[in-house]
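Student: The amino acid sequence is not available; the structure is as follows:
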């Protein structure tokens, strides 16, 4: 165990380098983390580091600040089902929330269909903030895109939640609609129009007069 409290090679992530590529959400453009020697045996310590807010007090240009980001990426690459629950709160973190919102859909996409039950429950639970539920939508959408065998299940979850448009936050409805558009689900159009006509969709999503053009774009 190193002085950081993390064993090698996990401790190396504290000095690995900056994460100024956070706008790159595809894992295919991430560094080759697994070449550093990571394996399933490191998952518990990677979860601990990914959820360690100690380093949020560091300067954002300090490599240690980026250690949690590197850790959650590696958890995705390791398809770490054990990380499904622990990573959920990160998008609500005051320091790492924005980065997590951008990157965790890809991480959950890598973890795969094992994450669907947890995300489904999060999305359906109105006690969570709209932003947390929106993050669940985006992760479910990403799983659908990366795992064709789970696409039908993901579409069913998103569609069912949109059927509850009168109970949902308008922003949540907007992201449900965007997900159905991205997943190319034309049979959802009547439901989408119904939600819009009921004034249950955030006005920033699309305009009624240009719906057809928006859907085809």
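Tutor: Noted; the coordinates are in hand. This is a predicted model, so every value here is computed, not measured.

Student: what helices or strands is the helix or strand containing residue 118 leaning on?
Tutor: Assessed by DSSP states H and E, residue 118 sits inside helix 116-124. When contacts are defined as 3 or more CB pairs under 8 Å, 6 or more residues apart in numbering; DSSP states H and E, helix 116-124 packs onto helix 130-146, helix 151-163. Where C-beta positions appear, they are placed from N, C-alpha and C, glycine not excepted.

Student: number of nearby residues for the nearest residue to residue 81 once chain neighbours are set aside?
Tutor: What sits nearest to residue 81 in space, not counting adjacent residues and going by CB to CB, 6 or more residues apart in numbering, is residue 114, at 4.5 Å. Residues within reach of residue 114, counting by other CB atoms under 10 Å, total 15.

Student: On the three-state scheme, residue 114 is what?
Tutor: Recorded secondary structure, residue 114: helix (DSSP: H, G, I helix; E, B strand; the rest coil).

Student: re the thing from before, deepest in the core, which of the helices and strands packed on helix 116-124 is it.
Tutor: Stretch with highest mean neighbour count among the helices and strands packed on helix 116-124: helix 130-146 (a mean of 23; mean count of other CB atoms under 10 Å).

Student: Domains in this protein, by residue range?
Tutor: Residue ranges for the domains of the chain, per automatic domain parsing: 1-111, 114-217.

Student: In JSON lines: the ones you listed, plus mean pLDDT.
Tutor: Formatted as JSON lines, the domains of the chain follow (pLDDT from 0 to 100):
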{"stretch": "domain 1-111", "mean pLDDT": "89"}
{"stretch": "domain 114-217", "mean pLDDT": "91"}
